[in-house]
Structures are given as C-alpha cells and as structure tokens.
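*Asks:* quick one, structure for this:
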Amino acid sequence: MPGVLKLARLKTLPVDKGDTILEFTESSRGKHFGDRRFDLYLYWISHGLLLLRSGSSNAHQTRIDLLFRDVAWMSIPAWMNGIDIEECTFDAAAVALPTGIYTESKLRSTFRIRTEGCVFYVVCAEIHIAEDHGDYFGPSVLLPDLVISEPAAGSREPQLGRGRPTPH
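*Replies:* Now for the predicted structure:
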C-alpha cells in the first residue's frame, strides 16, 4: 500500500478491497500525475462535490479519483492530459473570483492544477485522492453511495442514482 499523503484538512477514510486512499501532508509540495488523462467526471452543485477521474488503460492498471469537497469556485476544462496539483495561496486565484464569492472563498483552501502549460484553480474545503482497480463508470470509494452507470443504449448521458446497483 502506498504511503499516506494529505492536502488541506483531510480526514482519514476507511478503505477496503485493496483500494488505496492517498492523502497529502501539509508539508508536501503537491502531486504529479504526468502521464494520465483526467476527466471532469462529476460536479454536484448542491453538495459542492467535484470528481475528476483517470480511468485505467493499457498504460495504467488503476483508476484514480480526485474528489474536491465543498467547492466554492473552479476553473478547469472538461479533460486534462497530465496534471500537477498543489495547494497555493488564496491570492493566486483571487483575481479571477467574482466579488460575490470572494469573502466566502477565503475561508477555504486553494488548489492549483497545471496541465499542458495552463493553470487552473479549485477553491474548496479539502481534496481526497483514491487509487483503485474500479471500472470507469463504477462507484468511487470516495463516494460509495453514489452510483454512476454507463449510458443507456442510444443515450450519451450516464445514469445517476443513490445506493448500490442491484444485480440482474
């Protein structure tokens, strides 16, 4: 099992089935995922959840989920090839924040995401990182009660639901 890392105010989460939850230490400079593609997999506005996912591939046998909690503001593209994440000062993202959320955002952590020469930001309470052997559309160990299934036949939209899928 890889070492435990921690970004911001992260709580330890239970892990089972050989899955790994990585946490950054506050003294860490950040996390590098140089050769992986990450997709903006889920944004749930009412819960302030942002899930970025890198699925398994021929080059990578594992799936990585990055879960940002209590998101106040974000500026990220729909997908990114190779990313570096690090906690940064609030001032780095403040110039781009609308006045209406500026004050509330100062109470959260700010994370800088670098990809292909561009810089993006997420202002949130905390980030959790998990690496496992799950399927791309399978549930995340970070959101075990949220099920996102493959699109129905003839549809391009994934299906969302609460709780575990029932076997057929």
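*Asks:* quick check: residue 130 vs residue 63, distance?
*Replies:* Residue 130 sits 8 Å away from residue 63, going by CB to CB, to the nearest Å. For every residue, glycine as well, the C-beta is placed using N, CA and C.
*Asks:* one more: residue 124?
*Replies:* In terms of CB to CB, residue 124 sits 21 Å off from residue 63.
*Asks:* what does residue 95 give?
*Replies:* Counting by CB to CB, the gap from residue 95 to residue 63 is 34 Å.
*Asks:* same check on residue 144?
*Replies:* 14 Å.
*Asks:* looking at these two, which one has more neighbours?
*Replies:* Between residue 144 and residue 63, residue 63 has the larger neighbour count (other CB atoms under 10 Å), namely 22 against 13.
*Asks:* my guess is that one contacts residue 137. True?
*Replies:* No. Assessed by CB atoms under 8 Å, residue 63 is found out of contact with residue 137, at 10.4 Å.
*Asks:* all helices of this structure, in order?
*Replies:* Using DSSP state H, the helices of the chain run over 90-94, 99-105.
*Asks:* and those, which is most packed in?
*Replies:* Among the helices of the chain, helix 90-94 has the highest mean neighbour count (mean count of other CB atoms under 10 Å), at a mean of 15.
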